[in-house]
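# prediction below, plus the sequence it came from.
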There are 2 protein chains.
Amino acid sequence: MNRGAETREAILDHALRLASEVGLEGLTIGQLAGALELSKSGLFAHFGSKDELQVQVLNHAARRFTEIVVRPALAAPRGVARLQAIFERWVRWPREAPLPGGCIFVQAASELDDRPGAPRDRLVALQREWLATLARVVRGAQELGELRGDLDAEQLAFELYGIMLSCNHAMRLLRDRHAVERARRAFDRLVEAGRRPPA
Amino acid sequence: MNRGAETREAILDHALRLASEVGLEGLTIGQLAGALELSKSGLFAHFGSKDELQVQVLNHAARRFTEIVVRPALAAPRGVARLQAIFERWVRWPREAPLPGGCIFVQAASELDDRPGAPRDRLVALQREWLATLARVVRGAQELGELRGDLDAEQLAFELYGIMLSCNHAMRLLRDRHAVERARRAFDRLVEAGRRPPA
DNA sequence: GCGTAGAACGAACGGTCGTTCTATTTTCTT
DNA sequence: AAGAAAATAGAACGACCGTTCGTTCTACGC
């Protein structure tokens, strides 16, 4: 790896942590440079613009997310077990990334939803991908007969992500220590309802 | 109403709309003053600090929320009907407030969750209140026998809010035109599951 | 009509923002 | 070892930030 690529990696690492706390907008080049003992201009030269820095932070986060959440979950056996694995990994991922300010995608979603530009476009693509991944795992469980075949996989993905968002809200804003427990119960109920034949 | 109270109301009105788009942090006193054709210092004098402005914007939003969502829903008959009313009102409320940038509480939750201070404290109190309201309506339905008595009302409130958060995410970030439809289906399924006796 | 309190103003403060230069140092290639 | 290329530094920029200050305007009780 180039010398430049190394420091760029270090920058993105720190930027990711920082952005989870203060947001992608709250991220400032001066503070980031100060924390890494670099000059503002030196750090800036790696990216050329703040938008590009934000895009690369999102890409960096996506790589981490794949490593920490998606790939290990794909090691679990297909079906509901894999769905459960992906859920459990998601809950832990801010701790393992580590992202002291919580999931950066949730954070960025609020920040970017009304701000057109490259960072928003990138985030939208990543979140669509994530929902598609959830739906794919659901379909895997359907093909195995563990979940009803007439379920709308995208609908289930929508609802699963809702549980995760509520969990995030309860943990990060309300500091509710039972948030994960609540989310787990909701997840189990949702999956259980998907097993039963329709009434 | 005092002259001062009138302009303060006008300020908060505009600030609320603006904050829904750019966030409570993105709100700047200069821009707000410019939009209202006031001087920065003249506007500032009404609040004394930006934190206080943010707190008052949150309070203003809470008043609106009560008028638009909670109070009309309380006019619906107790039970599941009222729960449905509160859900439908919630979906529409950014359009009716109007909040062109979507629900300000969801927006603020991400912004403030890692920033201690008066605005955060106020938001936490408001969101706890909101979840408590949801739980109270659920309990109303339980007392009427429309929902199972052994359900955990707070758990159901947690899951209901999750559906709303996922709806918000799909609408605002993904620009998904079927978000409300998805949310409605999730809501119906959740309530329906609450009607049935346990398996 | 006058005096006074509150409301709004305009200018300025020190700071920080993202960005743009130029110059210097470090790293890589040959 | 030499020369090209990449990486970093440092100073400066215009813009805007929240905030302060002293002044001016406006409305209303006497």
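Structure's in. What do you need? Because the structure is a prediction, the values reported are computed rather than measured.

# tell me which residues in the top helix by length along chain A are buried?
Determined from DSSP state H, the single longest helix within chain A is helix A:118-143. For helix A:118-143, a neighbour-count test (16 or more other CB atoms under 10 Å in any protein chain shown) marks A:119-120, A:122-124, A:126-127, A:130-131, A:133-135, A:137-142 as buried. The C-beta positions use only the backbone N, C-alpha and C, and glycine is treated the same way.

# check stretch A:42-53 too.
Going by neighbour count (16+ other CB under 10 Å), the buried part of stretch A:42-53 is A:L43, A:F44, A:H46, A:F47, A:L53.

# which residues of chain A fall in helices?
A:3-26, A:29-36, A:40-44, A:50-65, A:71-75, A:80-96, A:104-112, A:118-143, A:153-172, A:179-195.

# so which of those helices gets nearest B:A19?
Between B:A19 and the helices of chain A, the shortest separation by CB to CB is 11.9 Å, and it involves helix A:104-112.

# hmm, that closest one touching chain B?
Yes - Helix A:104-112 reaches chain B (CB under 8 Å from any CB of the partner chain) through A:V106, A:Q107, A:A109, A:S110, A:E111, A:L112.

# can you redo those as TSV with neighbour count?
Shown next, in TSV, are the residues of helix A:104-112 next to chain B (neighbours: other CB atoms under 10 Å in any protein chain shown):
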residue	neighbour count
A:V106	22
A:Q107	26
A:A109	23
A:S110	23
A:E111	26
A:L112	23
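
# any idea which residue is closest to the centre of chain A?
Centroid-nearest residue in chain A: A:F105, 4.9 Å away (criterion: CA atoms, centre = their mean).

# so who does the residue nearest to that one when sequence neighbours are not counted touch?
Setting aside the residues directly before and after it, A:F105 is nearest to A:Q127 in space (CB to CB, 6 or more residues apart in numbering or on different chains), at 6.4 Å. Residues near A:Q127 by CB atoms under 8 Å, 6 or more residues apart in numbering or on different chains: A:F105, A:A109, B:H169, B:L173, B:L174.

# of the buried residues of helix A:118-143, which ones also sit close to DNA strand D?
For DNA strand D, no contacts are drawn from the buried residues of helix A:118-143 by CB under 7 Å from any atom of the strand.

# how about the residues of chain A by DNA strand D?
Residues of chain A lying near DNA strand D by CB under 7 Å from any atom of the strand: A:2-5, A:7, A:33, A:37-43, A:45-46.

# what about the closest residue in space to A:H178 that isn't next to it in sequence, neighbour count?
Excluding its sequence neighbours, the residue lying closest to A:H178 (CB to CB, 6+ apart) is A:A170, at 7.9 Å. When neighbours are defined as other CB atoms under 10 Å in any protein chain shown, A:A170 has 22 of them.

# I'd say A:V69 and A:F87 touch.
No - using CB atoms under 8 Å, A:V69 makes no contact with A:F87, being 9.5 Å away.
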